[in-house]
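Colleague: need a 3D model of the sequence below.
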Amino acid sequence: MKIKRLEQMRESQRNYHRRSQWLMRDGLFIPHVYGKDPRTALSWWDEVGFILGGRRVMVHWRHPRWVYENEIQDRAWSQAGDPPKHNVLTEFVPHYKQVGRSRKRIEYYTRPTPQGEAGAYYDRVDAISTTLRAEGIDFDVPASYRRERLSWSTSVHLVVPLEVRDEAELRVVADLGKRLLQGKTTIEQEFPGYRYGREQWLAERSTMEEDLKLKV
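Modeller: Reported below is the predicted structural model:
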């Protein structure tokens with residue numbers, strides 16, 4: 001039996017795609033450019049789109065190390081305590097451009113490095129983050145898949161241990177997302193019993209540091 005609400009949403013998705021076409025490359029919507037990172041580089045997140053049944057599907061992929069890193073950041077902020085009270089809007093410095101003999105206008109703003117209590121607080125957050133990254137944390141990230149229906153598309157949220165450094169590897173992510181949507185496979189079939197934790201994080205630390213040096 002068809003569910004009216006879902007049928008209306010599917011039709012809304014089809015109408016949106018008909019009105020606003022994606023620029024596709026070999027069947028995929030690819031929003032990012034590749035080629036700069038070495039083949040040994042670790043990847044963290046990416047996105048890719050495709051059309052299924054006349055409707056858009058957007059795959060939002062995250063490597064488990066990305067989830068692990070975000071947990072480290074959350075714990076660092078939590079352990080650092082409450083930040084000092086200050087008005088961030090007053091911290092921005094305006095930079096002016098002359099537009100006449102006696103007139104000038106604001107062209108852009110910069111935010112100086114925090115000083116005093118605020119500077120000490122952010123230094124504390126950075127120090128805690130550095131320690132947690134070096135030691136790792138007790139936290140496990142399983143592979144996961146979640147489908148989200150929107151009025152304009154279907155979103156597929158994937159947390160799986162793949163690497164995406166070029167379009168060929170991105171197509172592997174797109175193919176996995178499509179097969180999961182179609183019920184042709186499951187996360188457990190693809191990554192049985194998978195967990196990313198302290199052991200995996202520490203094993204990758206030297207590679208992460210090398211990647212960072214290349215980007216500085």
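Colleague: buried residues, the top helix by length along the chain. List them.
Modeller: Longest among the helix segments of the chain by residue count, using DSSP state H, is helix 116-135. Neighbour-count burial for helix 116-135, with 16 or more other C-beta atoms under 10 Å as criterion, is recorded at 118, 121, 125, 128, 129, 132, 133. (Glycine included, C-beta is placed from N, CA and C.)
Colleague: I figured the first one was touching residue 85, is that so?
Modeller: Read that as residue 118. No. Judged on C-beta atoms under 8 Å, residue 118 makes no contact with residue 85 at a distance of 9.4 Å.
Colleague: so, low pLDDT: which residues of this structure?
Modeller: For the chain, residues meeting the criterion pLDDT under 70 lie at 1-20, 86-93, 99-102, 110-115, 213-216.
Colleague: which stretches of it form helices?
Modeller: Assigned by DSSP H, the helices in the chain fall at 4-19, 64-80, 116-135, 167-181, 187-190, 198-215.
Colleague: winner for burial among these?
Modeller: Mean neighbours per residue, mean count of other C-beta atoms under 10 Å, is largest over those for helix 167-181, with a mean of 18.
Colleague: leaving out chain neighbours, which residue sits closest to the residue nearest to the spatial centre of the chain?
Modeller: What sits nearest the mean C-alpha location of the chain, by C-alpha atoms, centre = their mean, is residue 45, with 4.8 Å. Excluding its sequence neighbours, the residue lying closest to residue 45 (C-beta to C-beta, 6 or more residues apart in numbering) is residue 62, at 4.9 Å.
Colleague: tell me the contacts of that neighbour?
Modeller: 44, 45, 157, 158, 159 (C-beta atoms under 8 Å, 6 or more residues apart in numbering).
Colleague: who wins for most neighbours among those?
Modeller: residue 159 (22 neighbours; other C-beta atoms under 10 Å).
Colleague: count of neighbours near the nearest residue to that residue once chain neighbours are set aside?
Modeller: Nearest residue to residue 159, sequence neighbours excluded (C-beta to C-beta, 6+ apart): residue 144, at 4.6 Å. Here the count is done by other C-beta under 10 Å, and residue 144 has 15 residues near it.
Colleague: got the contact list for residue 144?
Modeller: Contacts of residue 144 (C-beta under 8 Å, 6+ apart): 157, 158, 159, 160, 187.
Colleague: biggest separation within those residues, which pair?
Modeller: Greatest spatial distance in the contacts of residue 144: 157 and 187, 11.4 Å, computed using C-beta to C-beta.
Colleague: okay, and the common contacts of these two?
Modeller: Counting by C-beta under 8 Å, 6+ apart, the common neighbours of residue 157 and residue 187 are 144, 145.
Colleague: alright, that wraps it up for me.
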